[in-house]
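[1] sequence first, then the predicted structure, then my questions.
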Amino acid sequence: MNTSASTTTASHFDTAARDWDQRPMSQQLAAVPPRLLAHLPLAPTDHVLDFGAGTGLLATQIAPRVAQVTALDMSGAMLQVLADKGFANITPHQGDIFAGLPGRYHAIVSCMALHHVADTTALMQAFASALHPGGRVALVDLYQEDGSFHGDNEAKGVHHFGFGPQALQAQAEHAGLRDVAFTEILRMQHRNGREYPLFLMTARKP
Ligand SMILES: C[S@@+](CC[C@H](N)C(=O)[O-])C[C@H]1O[C@@H](n2cnc3c(N)ncnc32)[C@H](O)[C@@H]1O
């Protein structure tokens with residue numbers, strides 16, 4: 001992501017952080033972590049990266065099952081809300097994923113952050129190179145939509161109106177990930193009752 005686009009994204013989320021967990025959208029998204037966990041084998045010794053962790057929708061549900069979670073986000077205010085939740089084994093890391101990752105992981109998870117990244121080919125490569133052999137990704141985002149989900153896409157730093165599975169699968173395989181699979185994980189009610197389906201994409205590094 002270029003610097004001005006990433007500044008737009010971080011400042012949008014800095015402003016939104018305080019009320020993030022109270023939004024009706026966050027309350028619907030609370031259904032995601034248990035469904036994602038049903039598709040992601042984890043061991044108590046694992047170190048997991050939550051990309052675009054925000055206030056910790058995924059990180060806080062994963063932390064009790066593993067040794068360590070790194071919560072990566074560009075927005076310091078979102079990470080502060082997460083830090084205030086007081087999880088000893090969640091390490092907040094403020095930064096852009098393309099500035100480099102602070103470790104290697106047994107799993108990388110993400111919810112609703114992919115559409116904020118312009119170059120998802122590079123993102124899949126960053127994920128693949130940060131995984132231990134045998135590591136997995138479990139990524140949640142919107143299926144292709146018409147741009148109405150966010151409405152003011154530019155102000156919110158939205159680079160994709162959701163995704164077609166075939167394109168993401170090709171990018172993941174190009175990055176060396178295998179066993180790429182998609183399943184619908186949730187239908188969100190948003191914008192006057194319109195429904196927006198979300199996918200869970202899972203894949204494994206050989
Ligand atoms: C829609 S929020 C989702 C937060 C949380 N996962 C949830 O579902 O509630 C997307 C988050 O991704 C972060 N983000 C977007 N692009 C990023 C990047 N290139 N590097 C790190 N964080 C990024 C944003 O700052 C924001 O907090």
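    Cool, got the structure.

[2] and the chain, which residues reach the ligand?
    By Cβ under 6 Å from any ligand atom, the part of the chain that sits against the ligand consists of 1, 9-10, 13, 26, 29, 52-54, 57, 72-75, 78, 96-97, 111-113, 116-117. All C-beta spots, glycine's among them, are computed from the backbone N, C-alpha and C.

[3] what does the top helix by length along the chain rub up against?
    The single longest helix within the chain, with elements called by DSSP state H, is helix 3-16. Residues external to helix 3-16 that are found in contact with it (Cβ atoms under 8 Å, 6 or more residues apart in numbering): 1, 54, 73-78, 96, 116, 118, 154-157, 159.

[4] quick check: buried residues in that helix?
    6, 8-10, 12-13, 16 (16 or more other Cβ atoms under 10 Å).

[5] following element in sequence after that helix, please.
    The element immediately downstream of helix 3-16 (helix or strand, assigned by DSSP states H and E) is helix 24-29.

[6] now for that following helix, which elements pack on it?
    strand 178-190 (3 or more Cβ pairs under 8 Å, 6 or more residues apart in numbering; DSSP states H and E).

[7] sheet partners, orientation included, of the strand it packs on?
    strand 194-204 (antiparallel) (DSSP bridges).

[8] quick one: least confident helix or strand in the chain?
    Least confident helix or strand of the chain, by mean pLDDT, DSSP states H and E, is helix 3-16 with a mean of 77.

[9] which residue is the nearest non-sequential neighbour of the residue nearest the centre of the chain?
    For the chain, residue 110 is the residue whose C-alpha lies nearest the centre (Cα atoms, centre = their mean; 2.1 Å). Setting aside the residues directly before and after it, residue 110 is nearest to residue 51 in space (Cβ to Cβ, 6 or more residues apart in numbering), at 4.2 Å.
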